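1. Return atomic coordinates for the entry below.
(one chain, ligands or ions: 11)
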Amino acid sequence: MKLTTLCLLISTTLFSSAVALPQPKAPWVKRPGHYPGASKGQVKRAYTGTNTSTCPVDEKILIKAPKKNIFMGLEDSEAAAVTAFLHKQDNLNLTAVENATSWDNVILLVELLQPNKSDALPYLNSEGPTPERYAKATIQFQATEEPYIQEWMVGPLPISDTSTLQPLNYLYNKGTGTQRVYDADDDALDDFMNKIGASIADITLALWNGTAMGLDNDTMSIWGIDPLWHENGRIIYWSGFWNNPTSFYDSSTLLPLGLYVKTDITGRDPSKWSVQGWYYDGEFYPSTEAFRSAFYSPGFEKFGPNVDGSWAHTKQQGPELPYDEMAPPIPVLPQGARYGVDIEEKYVEWMDFSFYISFNRDTGMKLFDVKYKGERIVYEVGLQEALAHYAGSDPVQSGTAYLDSYYGFGPYAFELVGGFDCPSYATFLNTSFYVDETTHTHVNSLCLFEIDAGYPIQRHSTSQYVSVTKNTIFTLRSVSTVGNYDYMFDYSFHIDGSIQISVRASGYIQSAYFAKNGDYGYKIHDNLSGSMHDHVLNYKLDMDIDGTANTLMKTAIVPSKESYPWSNGQMRNTMKLERSFVESEDESKLMWPANGGAMYSVVNKDSKNKYGEYRGYRIMPATGSAIHLTVEDSTNLQDAANWATHHLFVTKQKDTEMRNAYPYNSLDPAYPVIDFNKFFNGESLEQEDIVIHFNLGMHHVPDTSDLPNTVFTTAQSALTLLPQNYMLNDPSVQSANQVRIMYKNGTVQEVERYGVKQPTCQVDLATTSTNLSAYVGDVVVRKFPYEPLDWYYETDSIA
Ligand SMILES: *[C@@H]1O[C@H](CO)[C@@H](O)[C@H](O)[C@H]1NC(C)=O
Ligand SMILES: *[C@@H]1O[C@H](CO)[C@@H](O)[C@H](O)[C@H]1NC(C)=O
Ligand SMILES: *[C@@H]1O[C@H](CO)[C@@H](O)[C@H](O)[C@H]1NC(C)=O
Ligand SMILES: *[C@@H]1O[C@H](CO)[C@@H](O)[C@H](O)[C@H]1NC(C)=O
Ligand SMILES: *[C@@H]1O[C@H](CO)[C@@H](O)[C@H](O)[C@H]1NC(C)=O
Ligand SMILES: *[C@@H]1O[C@H](CO)[C@@H](O)[C@H](O)[C@H]1NC(C)=O
Ligand SMILES: *[C@@H]1O[C@H](CO)[C@@H](O)[C@H](O)[C@H]1NC(C)=O
Ligand SMILES: *[C@@H]1O[C@H](CO)[C@@H](O)[C@H](O)[C@H]1NC(C)=O
Ligand SMILES: *[C@@H]1O[C@H](CO)[C@@H](O)[C@H](O)[C@H]1NC(C)=O
Ligand SMILES: *[C@@H]1O[C@H](CO)[C@@H](O)[C@H](O)[C@H]1NC(C)=O
Ligand SMILES: [Cu+2]
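-> Ligands and ions are numbered 1, 2, ... in the order given. Here you go, the predicted model:
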């Protein structure tokens, strides 16, 4: 399918007539080598300037989506109408967020309720009506001794006399969309922790010449585990002392001090909260008095702090690299964008691919209705949850297992930096999310771009010819900075029909104090341990290969002993293929086999190619190492993240199993609102609408190279969807951006460019680079009361 729906071409460049100039000789510029004794370096400057016309680099192709994007999210006005509707419901007893205390009921979220596949698919196939629109509202009820979160369904939209408010339960296998909240009183908790800090100020001053007691001149902070522990019916919060950064650099997670306090914060009356003990250098002290008396006893060993400094700062430092004052290579679009975008509908077409983008608070971007050559291959693909499970000798590292959709990937998908995060010529799209009765818009927070892979997709040489095909990749990218970490999410499309789904992590590690932590991390700075942890990021992948009746096929590659009619009665040690199918949910929790010894693919058994093989898409672990959570039966997580136990899973698609994780599961891990294990009830998976749930991630054992920030090189993981017997050949042969050079006895006889001309126009790089002074951050619009014209700038971060 070409860009058939093309309706408008915008060009921002002017064309002038071409003038042929004499070709200058390539000059050589003499430069000194950087190292003593190095020979004089030479830089070759090549000019190919034969055409003074300006390249149409800014040309974009605007297209119109074939259908309205029913997955995109609520319009500002819809979210405002739903918010107002909720405030009118007396039984909800809501207080406007701006006036609410921790004892008032508040709206946490108003968002589009993702339509059921059973309604969306007929619509996409033009066999059914537009699904009715509903909003999902998340409300925190806290005007009570036992606060809880409850999910509601509001609709149909637009709000009218027929719109209703109903509890939203069908998505939640706990039975109801409700979750107890055990930390509603966060301001009171801050006060409580500050009092604890004050109670041992003599010790913090003696140890580190500072305090953590809520004063402006504090030099330390106290924070700790997530999720909270539920210990014999009590709510336990372990927290640690951390030095504060001394500049704007966000280095707080690199500055642990090695002192930890255990508190019981059960219930809503802070006067009943208590200190349960202290931990320092391998010793547990059951009370503040016990800790103080040990501290003032002779022989108490005191260790130094971790102190902020340039070692923790991401600025240029150290000797300059050779030639590094020069600009590195930059890509340009010599003839404008080669993809079409419907900006309103967030619909994209590139080469033979098309897809819709959706965006939500919990998990950021998702793709729907991904088609290749006009046929749907993916109904839905997107992140479900991201786990960072730590371990350590101290209770804070040991007790930490972040489930990041609690914080949300949407709210932290900040504006991307043109020329750094994405090529400056990328198409940037905005995203929006609802928080505190406002809609925040992150401008330029998704980017779409084509780029050369840096290596060809095909080549072959003989004594007569060489043929090589360019490898151009089309990528959709977003980055979410959830606290200390920056997750970069990519969906990359390739001209061989494959799609790569990847995640990379950078930003600050969460580190540990070094004392007694050698079994849990490398020592990476004066008093610092790198705190080992597993990142496990779960994705839902709902492929539809030639319809929804699909099966997961396994082609195992196994060693074997065989005798053949021609082997003269001898057994030969060899290998062979073993084909099988994942038959039911009783056998659908899967591991990638050792030595890459099996290929899994989604096939339709009713759809064979002309050679009798099933047409399908293979699911292949790509960059990095495919992992699952190392910790077995995690004490921190209990049943909150049962999707982390294996590499991949297959389940039968159900409207009631839209998402396999719930953002507030971590509030009560033993009683999760969505328990992924309950998806497995023995149902047949043969020729059913199946869903793959796969994990990306890495075992992260930070070393000195994680300072000041982790680099994407170490922390990345990907999975590739590859056509397998899907077409009758490799479709990249369709690309005209290949060359065949015929030669004989050292003489070129023919250069076949398949009609593609080498661009010769001029690019003024000054006009193509991003104006970084125009970076803006978040744009916020109030919903209650709705004030669309009175917007303002405000950027959130997890503090
Ligand atoms: C918050 O309270 C103030 C003072 O009572 C009131 O004027 C204002 O309207 C309230 N805000 C909202 C959004 O209800
Ligand atoms: C409604 O909420 C207020 C606090 O905003 C609380 O004082 C009151 O008791 C609540 N009413 C009911 C009926 O729960
Ligand atoms: C989606 O499907 C479920 C299960 O059949 C049903 O209970 C629910 O009402 C449907 N949701 C909408 C928005 O139609
Ligand atoms: C302790 O901190 C105070 C205030 O920040 C500072 O003036 C003083 O020099 C520090 N003392 C030492 C020994 O570092
Ligand atoms: C910090 O501020 C408090 C109260 O203003 C003061 O008593 C204390 O001396 C200050 N500490 C330092 C180290 O300056
Ligand atoms: C801890 O850090 C201090 C400086 O802050 C240093 O003097 C001390 O040697 C360090 N201790 C260890 C065990 O590295
Ligand atoms: C993104 O939002 C900004 C600010 O509201 C607006 O000016 C711009 O046109 C939007 N861009 C797109 C591609 O929608
Ligand atoms: C091959 O090229 C060389 C040098 O150009 C020439 O001398 C020779 O005759 C050529 N051989 C044939 C078979 O064309
Ligand atoms: C010069 O570049 C322009 C713009 O790309 C192109 O249209 C034109 O054909 C080029 N002229 C020559 C002589 O290559
Ligand atoms: C870059 O953006 C800033 C802020 O919007 C603006 O003031 C400036 O004129 C822009 N510079 C150029 C070269 O467009
Ligand atoms: Cu990490």
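
2. Centre of the chain to the helix ranked longest in the chain, how far?
-> When the chain is parsed with DSSP state H, its longest helix is helix 186-199. Computed by CA atoms, centre = their mean, to the nearest Å, the chain-centroid distance of helix 186-199 equals 34 Å.

3. so what does that helix touch, helix or strand wise?
-> strand 220-224, strand 234-243, strand 256-264 (3 or more CB pairs under 8 Å, 6 or more residues apart in numbering; DSSP states H and E). In short, each C-beta sits where N, CA and C put it, glycine included.

4. Give the next helix or strand downstream of that helix.
-> helix 201-208 (DSSP states H and E).

5. what packs against that following helix?
-> Against helix 201-208 (3+ CB pairs under 8 Å, 6+ apart) you get strand 256-264, helix 288-295.

6. The residue of the stretch 401-550 of the chain found nearest ligand 3 - how many residues pack around it?
-> Going by CB to the nearest ligand atom, ligand 3 is nearest to Asp542 of the stretch 401-550 of the chain, at 15.2 Å. For Asp542, the tally of surrounding residues (other CB atoms under 10 Å) stands at 21.

7. Given the regular element (helix or strand) spanning it, what are its sheet partners and their directions?
-> Counting by DSSP H and E, the element that carries Asp542 is strand 533-543. Taking DSSP bridges as the criterion, strand 533-543 forms sheet pairs with strand 375-390 (antiparallel), strand 690-700 (antiparallel).

8. could I get these as TSV with mean neighbour count and distance to Ala188?
-> Below are the strands paired with strand 533-543 laid out as TSV (neighbours: other CB atoms under 10 Å; distance: least, CB to CB, whole Å):
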stretch	mean neighbour count	distance to Ala188
strand 375-390	23	27
strand 690-700	23	34
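
9. got a markdown table for those strands, with mean pLDDT and distance to ligand 6 too?
-> Formatted as a markdown table, the strands paired with strand 533-543 follow (pLDDT from 0 to 100; distance: least, CB to the nearest ligand atom, whole Å):
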| stretch | mean pLDDT | distance to ligand 6 |
| --- | --- | --- |
| strand 375-390 | 98 | 21 |
| strand 690-700 | 97 | 22 |
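
10. so how far is Ala386 from Gly374?
-> Distance, Gly374 to Ala386, by CB to CB, to the nearest Å: 34 Å.

11. just Ile63 next, same as before
-> Applying CB to CB to Ile63 and Ala386 gives a distance of 33 Å.

12. same thing with His628?
-> For His628, the distance to Ala386 - CB to CB - is 14 Å.

13. do Lys272 as well
-> 35 Å.

14. spatially speaking, which residue is in the middle of this protein?
-> Nearest to the mean C-alpha position of the chain, by CA atoms, centre = their mean, lies Phe489 at 4.3 Å.

15. So that residue: helix, strand or coil?
-> Following DSSP: H, G, I helix; E, B strand; the rest coil, the label given to Phe489 is strand.

16. which SS class is the residue lying farthest from the centre of the chain?
-> When each C-alpha in the chain is compared with the mean C-alpha position (CA atoms, centre = their mean), Asn568 comes out farthest, at 57.1 Å. Following three-state DSSP, Asn568 is assigned to coil.

17. contacting residues for Ser735?
-> Going by CB atoms under 8 Å, 6 or more residues apart in numbering, Ser735 touches Thr469, Lys470, Thr472, Ile495.

18. excluding its backbone neighbours, what's nearest the last one?
-> Using CB to CB, 6 or more residues apart in numbering and skipping the chain neighbours, the partner closest in space to Ile495 is Ser732 (4.4 Å).

19. quick one: that neighbour and ligand 9, what's the gap?
-> 25 Å (CB to the nearest ligand atom, to the nearest Å).

20. Ala453 is in contact with that residue, correct?
-> No: if you go by CB atoms under 8 Å, Ser732 and Ala453 don't touch, sitting 11.6 Å apart.

21. The two: who's more crowded?
-> Per other CB under 10 Å, whichever of Ser732 and Ala453 has more neighbours is Ser732, with 21 against 13.

22. hang on, the earlier thing: common neighbours of His628 and Ala386, please.
-> Val536.

23. Could you pull up the residues touching the closest residue to Asn737 other than its chain neighbours?
-> Take Asn737 and drop its neighbours on the chain: the residue closest to it by CB to CB, 6+ apart is Lys470, 4.3 Å away. Applying CB under 8 Å, 6+ apart, we find Lys470 in contact with Asp452, Pro456, Ile457, Ser735, Asn737, Gln738.

24. Any residue of whatever helix or strand Gly155 lives in touching ligand 2?
-> Assessed by DSSP H and E, Gly155 sits inside strand 148-157. No: residues of strand 148-157 are not located near ligand 2 by CB under 6 Å from any ligand atom, the shortest gap being 13.1 Å.

25. which SS class is Gly210?
-> coil.

26. May I have the predicted confidence score for it?
-> With respect to pLDDT, Gly210 scores 96.

27. And Glu325, by the same measure?
-> 93.

28. So what's the residue count around it?
-> Glu325: 7 neighbours (other CB under 10 Å).

29. which residues in the stretch 51-200 of the chain form strands?
-> 60-63, 106-112, 133-141, 148-157, 164-167, 178-180 (DSSP state E, counting those that start in this stretch).

30. SS state for the residue in the stretch 301-450 of the chain that ligand 7 sits nearest to?
-> Ligand 7 sits closest to Asn430 of the stretch 301-450 of the chain, with a gap of 3.7 Å, by CB to the nearest ligand atom. With three-state DSSP as the basis, Asn430 sits in strand.
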